[in-house]
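Trainee: sequence and predicted model, in that order:
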Amino acid sequence: MKKILCVILCFLCSACVTTVEPWEKGRFAKNEMAFEPDTMQAAFHRHVYFSKEASSGGATNSGGGCGCN
Amino acid sequence: MNNNALLALSTAAACLPALQAKAQQITQDFQLGVRHYNYQESAVPVENVLNQQYERYDIEVNQFRLVAPLGDNTQLNVDFQHEKMSGASPWYTFQLPGEAPKQVMSGASIEDTRRDLSASLKIALDRDVLTLGAARSSEDDYESQSFSVGYAKESDDRLTTWAFSADVSNDDINPVDAEIYRTRPASEQSKHSNSYLASYARIMNKHWLLKIALGLSRKSGYLSDPYKQVFVEGALIGDARPDKRISRTLAVQNRYFFDDVNAALHVDYRFYDDDWDIRSNTLDLAWYQNWDFGIQIVPSVRLYEQSAAFFMKPSTLKSEPTEITLPTIDCQNTVQ
């Protein structure tokens, strides 16, 4: 995991990061640019994967459990 | 254009994203969502099953969601999920010397219902957002209660958001038919878990949004599956896993908008690692293509791979048994 973090930090310090003016942020207001555009479907998928796979969590908290895993 | 007019326009333009950001944080309208899902688990390949039970679960899910603004700065989210499942489930594996392991399935008579209610309150104050949540999930034999708290802060230039959240969960399980199947605990068992998440989201350029999240989760108590069994040295014993588990996650999410084709690309990756020697990699790719009349088509693919827990190893009989007798497994709610 340390190697992955190093790669990400180097990447963030690279020239990829540029200043974005306030009037250039319009694209980020689009629903498809949200981290979770469809909250209900995302919750459904999380529960299905939680019941089938040994790993869980990631970009959101794990939350409560269920008898499915 | 004189300097005063230019200043006024610049100020107005600078305020727009701020208003937009607040609008994204707190909804201004009531929203109601209803969904129905139905899916079936794939049948187990015939050659892998010992007891001619190939079909698995059939699952129906109904979802309800309410989002309600409570004033300018507060939003209430309420979610309810009703899940009904029926069918058969893998019970244990059986392996003869020199042969591949065979799966023994339960009878297809399992029926269970799960109800999951959760509510969260989101309070936005300028560049800070506080979220408080509670959830309760109940099944015939399982109860879970959890509470969460989250805090997010935007940078002064509104290009960066730091967020921290934590949750705690207490689960109780009362296995059914424990008087028939002695490997199941006869008394209530409990599980406790808590998890922490820190994330960094950044607008990288005018097309690209990036989020990196680090997570830590601890679970303790009864972490076994009371309905699973293990065939060891000719005897069936109950599933017995360690009573502690610590996991770590690293997640990276990318959102990139392509002006030319009016579409957004999602590239998400998650690395998972825990002290049961389970390590997994998950890659999610999605393409959000906008069309006329508000139509959006979203093809997506998910790739997942994981290693096995250190205690999951095939147990092979050392000699060929003269006769194999499988237990009767056809009563209601037997294996879940």
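Mentor: Cool, got the structure.

Trainee: distance of B:Glu139 relative to chain A?
Mentor: 5 Å (CB to the nearest CB, to the nearest Å). All C-beta spots, glycine's among them, are computed from the backbone N, C-alpha and C.

Trainee: quick check, that residue in contact with B:Asp112.
Mentor: Yes: if you go by CB atoms under 8 Å, B:Glu139 and B:Asp112 touch, sitting 5.7 Å apart.

Trainee: any common contacting residues for the two?
Mentor: Residues touching both B:Glu139 and B:Asp112 by CB atoms under 8 Å, 6 or more residues apart in numbering or on different chains: A:Gly67.

Trainee: now do the contacts for B:Gly238.
Mentor: Per CB under 8 Å, 6+ apart, neighbours of B:Gly238: B:183-184, B:224, B:226, B:228-230.

Trainee: 6 Å - rerun?
Mentor: B:Gly238 is in contact with B:Thr183, counting by CB atoms under 6 Å, 6 or more residues apart in numbering or on different chains.

Trainee: which strand residues bridge it?
Mentor: With DSSP bridges applied, B:Gly238 shows beta-bridge pairing to B:Gln229.

Trainee: where does B:Leu265 sit: helix, strand or coil?
Mentor: Under DSSP: H, G, I helix; E, B strand; the rest coil, B:Leu265 falls in the strand class.

Trainee: excluding chain neighbours, what is closest to it?
Mentor: Leaving aside its chain neighbours, B:Leu265 sits nearest to B:Tyr256 (4.7 Å; criterion: CB to CB, 6 or more residues apart in numbering or on different chains).

Trainee: just say helix, strand or coil for the one you found.
Mentor: Once three-state DSSP is applied, B:Tyr256 turns out strand.

Trainee: name whatever forms a beta bridge with it.
Mentor: Beta-bridge partners of B:Tyr256, as defined by DSSP bridges: B:Trp208, B:Leu265.

Trainee: now do the contacts for it.
Mentor: B:207-208, B:265.

Trainee: which of those residues lies closest to chain A?
Mentor: B:His207 (6.4 Å; CB to the nearest CB).

Trainee: distance of B:Phe30 from B:Arg158?
Mentor: Remark: distance between B:Phe30 and B:Arg158 (CB to CB, to the nearest Å) = 27 Å.

Trainee: mind checking which of those two has more residues around it?
Mentor: Legend: neighbour count by other CB atoms under 10 Å in any protein chain shown for B:Phe30 and B:Arg158, higher for B:Arg158 (17 against 10).

Trainee: wait, a helix at that one?
Mentor: No: going by three-state DSSP, the assignment for B:Arg158 is coil, not a helix.

Trainee: so how far is chain A from it?
Mentor: Distance from B:Arg158 to chain A, by CB to the nearest CB: 7 Å.

Trainee: return the residues of the stretch 51-200 of chain B in contact with chain A.
Mentor: The stretch 51-200 of chain B comes close to chain A at residues B:63, B:65, B:135, B:137, B:139, B:142, B:144, B:146, B:148, B:165, B:167, B:169, B:171, B:195, B:197, as judged by CB under 6 Å from any CB of the partner chain.

Trainee: the residue nearest to the first one when sequence neighbours are not counted sits in which helix or strand?
Mentor: What sits nearest to B:Gln63 in space, not counting adjacent residues and going by CB to CB, 6+ apart, is B:Arg35, at 4.2 Å. Taking DSSP states H and E as the criterion, the element that holds B:Arg35 is strand B:31-40.

Trainee: pairing partners for that strand, with directions?
Mentor: So strand B:31-40, judged by DSSP bridges, has these partners: strand B:58-69 (antiparallel).

Trainee: sketch out the low-pLDDT regions of the chain for me.
Mentor: Reading this off chain A. A:1-17, A:62-64, A:69 (pLDDT under 70).

Trainee: switch to chain B, please.
Mentor: B:1-24, B:314-336.

Trainee: list the buried residues for the lengthiest helix in chain A?
Mentor: In chain A, assigned by DSSP state H, the helix with the most residues is helix A:39-52. Neighbour counts over helix A:39-52 (16 or more other CB atoms under 10 Å in any protein chain shown) mark A:40, A:43-44, A:46-51 as buried.

Trainee: let's have these in CSV, adding distance to chain B.
Mentor: Formatted as CSV, those follow (distance: CB to the nearest CB, whole Å):
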residue, distance to chain B
A:Met40, 5
A:Ala43, 7
A:Phe44, 6
A:Arg46, 11
A:His47, 7
A:Val48, 8
A:Tyr49, 8
A:Phe50, 11
A:Ser51, 9
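
Trainee: what sits against B:Tyr142?
Mentor: A:67, B:173.

Trainee: same thing but at 8 Å, please
Mentor: Contacts of B:Tyr142 (CB under 8 Å, 6+ apart): A:65-67, B:114, B:171-174.

Trainee: what subset of the contacts of B:Tyr256 is buried?
Mentor: B:207-208, B:265.

Trainee: thinking again about what came up before, just checking, which of the residues of the stretch 51-200 of chain B next to chain A belong to strands?
Mentor: B:63, B:65, B:135, B:137, B:142, B:144, B:146, B:148, B:165, B:167, B:169, B:171, B:195, B:197 (DSSP state E).

Trainee: partner residues bridging the last one?
Mentor: For B:Leu197, the beta-bridge partners under DSSP bridges are B:Ser165, B:Gly215.

Trainee: my guess is it meets B:Leu214, correct?
Mentor: Yes: B:Leu197 is within contact range of B:Leu214, at 7.3 Å (criterion: CB under 8 Å).

Trainee: higher neighbour count, these two?
Mentor: The residue with more neighbours, out of B:Leu197 and B:Leu214, is B:Leu197; 24 against 16, by other CB under 10 Å.
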